[in-house]
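Engineer: Give me coordinates for this.
(chains A and B)
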Amino acid sequence: ELGWISRVYVNRPAVVRHAEQIKKWKTVKGNWQAAWLLKAVTCIDLTTLSGDDTPSNVQRLCFKAKHPIREDLLKALDMHDKGITVGAVCVYPARVSDAVNTLKAAGCDIPVASVAAGFPSGQTPLETKLAEIKLAVEYGAREIDIVISRSLVLTGQWEGLYEEIRQCRAACGEAHMKTILATGELGSLANVYKASMIAMMAGSDFIKTSTGKEVENATFPVGIVMMRAIKEYYWQTGYKVVGFKPAGGIRTAKEAITWLMLVKEELGVEWLTPELFRLGASSLLGDIEQQIFCHVTGSYPRQHELAMA
Amino acid sequence: PWGQGGVQGTKGDPGVESVPGFPVGFLGVPVRVPAIFGVPTGNTALVLAPPDAAPPLLLLGELSGEGAALPPGVLNVLTGPPGLSQALRAHPEVTSVTFLGASQDELQALVWGSPCRGPRLGSPQGGRVVVIVLDSADLDSAAAAIAETTAAPPALFPWGGCMVLVQDAVVAPLERRLRARLGGLRVGNPLDPKTEVGPLSPGAPPPEGVVQEAREEGAQVFQPPLPPLLPGGGNNFYPPTLISGVAPTSRCLREPALGPVLVLLPVRGPSEAVAVASALPQTAAAAVWAQDITVALDTADRLPQGLVWLNALDLLDPSGGYAGGAADSGLDEVLREFGCPPWEQPPKVDKPLSLPVTMDDSSDPDLAPAVAAARGAALGWGRLPGAMRARVLRGAAAALEGGHGSPKDGDSGDSGYTDGHLRRALLRWAAHVECAGGAVQEVPGGRALVTRRPLGVVGVAWDWPRPLAVELLLPTLALGNCVVVLAPPGGVGPAQRLRK
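Structural biologist: Here you go, the predicted structure:
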């Protein structure tokens, strides 16, 4: 439906101004803050995407995914029996089987998400991309984060982009697909909006802001534009809800809460669940745990008091 | 602007200003009084507030006093009935008067019932905001900004609500977004930082009457329900409202509704939007949302409002360069910039000044055709670029030189103006006008383009033996106005020569 993207206008200064105002919102305090933080924890995709990942550190990550917050802290908040785990574990395709085996051994049902399709640059031929996706699914990944070819966006080949994403969606099969738009490399907010619409039309379950490896990752203006695209898609189709995942650059608990508040403001409360909202982060969990520790005990923890991810 | 006059144009010390205020309308969470703008430029201000709107202004008055931020006496706040404004006008020490939110009749009484010498009249401030959304606009940002303005109206234009003129092609998407945003506004205690919509201002009639009339006319009214727990039992609160399907004859467009009320009107295109916006009463500012730069600038140019925002709402120029009000924002300001002092202290004359020039003989047979002729020519003359007008003025100067057997420089006639004077003045104004295109200023959030716009037809009349007003003729003409001159006998000389 090329018609949906032919008349897209985004006024950058107005969006940036709106984003500046959001940063000034007062965050919640006290018990409410702890509640929002726990909600944020359940939405985290705990990620490790480095060149030096080996089975041992992936294993450690999976255990942390199962117990993101220390038991006694959860008990103090009376949330220890609510099954607080992270949303997913995100790793490279080569490490997927390690993650799946570890989680199975630990008796945990958290999905393993794999990045695929030439992560992070996306500059590989379509055949290898599809092959990578199929393999990742075979290894047991239940969610796939694919990367689009930015060159297609920058040269305006919208049908080409649609076709690429559609084929990746077919290759994913039963797995749930997140499309990474790499917004830092798309050039303009209008391009971000158009790419989001194309990705949703081609069948993505989630759209994700960035790989985490670009210069500029998830910022509020980009997030606002993508969320407006999601809302518009929902209005146009009448029923289809697509999830949103900001990734990269979210390191503090305060930012996480601001993202949650922004989602509530632009998309609505229905989107505040792990099925429709994820935070792609690795060190964020540590900071959230520190804040919860502080809320429960009244002082900040020393380095050895909280388990390393 | 009118404050700066105290420093530039008038002789003597900056004077005392007074600001009679009429109900300031919907008080959002912060309240800023424009009278404050006069104070930093060196004037002292006297604010007259109606008793209903007094409390926030009285609080502001505490800024000035012993040991307070401003020295005592700089900012004074009085509360009283509107009749006091007459006394203010008549007071000899008051230099300039401006109004916030005055309605037309009261304004007329104040303006016309006054002698020509006296406090400089600032333009009436306050009014509503007209927002024009064209088809190439960023609808999401426009809806977000409009909803924000409805909730907390801009400080300069505290009369709540705004009118949105939307191009046909995008009415439905914009309305959908506006409803979503209005539904999400938080109504509550104004002291709570999370509240976006506060209570109505005390003493202001609730907009329910206007909204009810709109319903009866068949308009669609969208009103999200008020939240259950409101301070004061929810009596003073009004939910944000969106009215669509009305025409310009409807009451909600003719009168300002003091509350968070939005009125939506579809238009066919930019030209129709300009026509409708020009016909709406009591508008102070406009906003144009369009990504197409040519269309946006052209529409902004043609709107009569003194302040036009492009793809934004509520950006303020900190140098105080807002015009507010329809384009009667003060010929005196423009003249002041060019160094022409129309309101200098009247000269001491022995005989008392005669009565002010009154216009009760508006059926004067010569007057009507003169005004009609001026009106006819006004559009063309005003639209000419400055360089063309300069050329015409220079041509006039050359023609004067040729003379028709003109008297030598020594013969000044009884008006004190010679051909030489006129010629020099013409050349000077021609040079000014060529470069007087406007200015670009940096404003937090963007840039402000300040342009000079001709008023149209300007009537000039004077009664003094001194032909002071001849000094007004040339700049008025140069800046693109058409002039109708009412001269007492004996003062006609230079005007006639100019006309030739």
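Engineer: Point out the residues in the stretch 51-200 of chain B that sit beside chain A.
Structural biologist: Contact residues (C-beta under 8 Å from any C-beta of the partner chain) of the stretch 51-200 of chain B with chain A: B:135-142, B:144-145, B:176, B:180, B:184, B:193-194. Every C-beta, even on glycine, is put in place using the N, C-alpha and C of the backbone.
Engineer: B:Leu78: which of those residues is nearest?
Structural biologist: Each of those was checked against B:Leu78 using C-beta to C-beta; the closest is B:Pro193, at 31.9 Å.
Engineer: Tell me the confidence at that closest one?
Structural biologist: With respect to pLDDT, B:Pro193 scores 68.
Engineer: And B:Gly410, by the same measure?
Structural biologist: So B:Gly410 comes in at 37 (pLDDT).
Engineer: cool, B:Val166 as well?
Structural biologist: Note for B:Val166: predicted pLDDT of 93.
Engineer: Name the SS class of it, please.
Structural biologist: Of the three states, B:Val166 takes strand under DSSP: H, G, I helix; E, B strand; the rest coil.
Engineer: list the contacts for A:Lys129?
Structural biologist: Going by C-beta atoms under 8 Å, 6 or more residues apart in numbering or on different chains, A:Lys129 touches A:Ala116, A:Ala117, A:Gly118, A:Gly122, A:Ile146, A:Glu164, A:Cys168.
Engineer: And B:Ala296, by the same measure?
Structural biologist: B:Leu134, B:Val288, B:Ala290, B:Leu310, B:Asn311.
Engineer: Can you tell me which residues in chain A are near chain B?
Structural biologist: Near chain B, when you scan chain A using C-beta under 8 Å from any C-beta, you find A:7, A:9-11, A:13-15, A:17-18, A:26, A:228, A:231, A:235, A:265.
Engineer: one step back: just the contacts of B:Ala296: which are in strands?
Structural biologist: B:Val288, B:Leu310 (DSSP state E).
Engineer: So which of the contacts of B:Ala296 is the closest to chain A?
Structural biologist: B:Asn311 (4.9 Å; C-beta to the nearest C-beta).
Engineer: what's near enough to touch the closest one?
Structural biologist: Here B:Asn311 is in contact with A:Asn11, A:Pro13, A:Ala14, B:Ala137, B:Asp138, B:Ser141, B:Ala287, B:Val288, B:Trp289, B:Ala290, B:Gln291, B:Ala296 (C-beta under 8 Å, 6+ apart).
Engineer: Output those residues in JSON lines; the columns should cover pLDDT.
Structural biologist: JSON lines is the format used below for the contacts of B:Asn311 (pLDDT from 0 to 100):
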{"residue": "A:Asn11", "pLDDT": "88"}
{"residue": "A:Pro13", "pLDDT": "86"}
{"residue": "A:Ala14", "pLDDT": "88"}
{"residue": "B:Ala137", "pLDDT": "91"}
{"residue": "B:Asp138", "pLDDT": "91"}
{"residue": "B:Ser141", "pLDDT": "92"}
{"residue": "B:Ala287", "pLDDT": "89"}
{"residue": "B:Val288", "pLDDT": "92"}
{"residue": "B:Trp289", "pLDDT": "92"}
{"residue": "B:Ala290", "pLDDT": "92"}
{"residue": "B:Gln291", "pLDDT": "90"}
{"residue": "B:Ala296", "pLDDT": "90"}
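Engineer: how about a markdown table for those, with distance to A:Ala199 added?
Structural biologist: What follows is the contacts of B:Asn311, written out as a markdown table (distance: C-beta to C-beta, whole Å):
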| residue | distance to A:Ala199 |
| --- | --- |
| A:Asn11 | 22 |
| A:Pro13 | 26 |
| A:Ala14 | 24 |
| B:Ala137 | 24 |
| B:Asp138 | 20 |
| B:Ser141 | 22 |
| B:Ala287 | 33 |
| B:Val288 | 32 |
| B:Trp289 | 27 |
| B:Ala290 | 28 |
| B:Gln291 | 23 |
| B:Ala296 | 30 |
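Engineer: and these, which of them are in helices?
Structural biologist: Judged by DSSP state H, helices contain the following of those: A:Pro13, A:Ala14, B:Ser141, B:Ala296.
Engineer: Scan those residues and report the most crowded one.
Structural biologist: For the ones in helices among the contacts of B:Asn311, the largest number of neighbours (other C-beta atoms under 10 Å in any protein chain shown) sits with B:Ser141, at 27 neighbours.
Engineer: Nearest residue to it in space, please, no chain neighbours.
Structural biologist: Spatially, and ignoring its direct neighbours in sequence, B:Ser141 is nearest to A:Ala14 (3.7 Å; C-beta to C-beta, 6 or more residues apart in numbering or on different chains).
Engineer: Just to check, the one you found is in contact with B:Ala312?
Structural biologist: Yes: the criterion here is C-beta atoms under 8 Å, and A:Ala14 meets it with B:Ala312 at 6.5 Å.
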